[in-house]
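# Okay, here's the prediction I keep looking at, along with the sequence it came from:
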Amino acid sequence: MPSAKKTGGASGRPKKSATPRVATAKRRAKRVTSPKAQATEAAVAEAAGEPRVSEVAPGGRAESRRARAASGKTIMIVQYASGIACPKRQKRVLRSLGLRHPHHTVVRPDNPAVRGMVNAIPHLVRIVVEGGRGA
């Protein structure tokens, strides 16, 4: 005589039934606004002197990162050695500079913070162009 099959998993508990995700649908509904509400928000923002939504960079900043970097002096940094065998701290510095792999070049603003990061890992990166304007 065959034994009765268990309905649950290996632990013998019954399986949870799949329920629709109501919270996700609510979040989507909150994000979607009517064109009338968008127009009203744009008019209020314009009256307050705030930049238009199209002028605002992702993340809510009124000025983009590229525009900020191009406005002052910049430096071009090249990663010329791999960070694989380096301590985690040095890997974090590489990632914060935006460097991903050897021979990767980035343009960063010339300020003490960036200079300090470059000086922390001189065996991995080099400054190629200094004191230039723009990107």
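All right, it came through fine.
# Determine the longest strand present in this protein.
strand 125-133 (DSSP state E).
# Pairing partners for that one, with directions?
strand 73-79 (antiparallel) (DSSP bridges).
# ok, then the element right after the strand it pairs with?
helix 88-97 (DSSP states H and E).
# Mind listing residues that contact that next one?
77, 79, 83, 86, 100, 106, 108, 114, 117-118, 120-121, 124-125 (Cβ atoms under 8 Å, 6 or more residues apart in numbering). To be clear about C-beta, it is placed using only N, CA and C from the backbone, and glycine gets the same treatment.
# in a strand, that's where V107 is, yeah?
Yes: assessed with DSSP: H, G, I helix; E, B strand; the rest coil, V107 lies in a strand.
# From E41, how far off is it?
As judged by Cβ to Cβ, to the nearest Å, V107 and E41 stand 35 Å apart.
# which one of those two has more residues nearby?
Shown here are V107 and E41; by other Cβ atoms under 10 Å, V107 has more neighbours (18 against 12).
# Just list whatever residues bridge to that one.
M76.
# mind giving me the domain ranges of the chain?
24-55, 65-133 (automatic domain parsing).
# looking at these, which one has the lowest mean pLDDT?
When the domains of the chain are compared by mean pLDDT, domain 24-55 comes last with a mean of 64.
# Near the nearest residue to A120 once chain neighbours are set aside, how many other residues are there?
Closest residue in space to A120, ignoring its immediate chain neighbours: V93 at 5.3 Å, by Cβ to Cβ, 6 or more residues apart in numbering. Counted with other Cβ under 10 Å, the neighbours of V93 add up to 21.
# And V93, how close does it get to A113?
For V93, the distance to A113 (Cβ to Cβ) stands at 11 Å.
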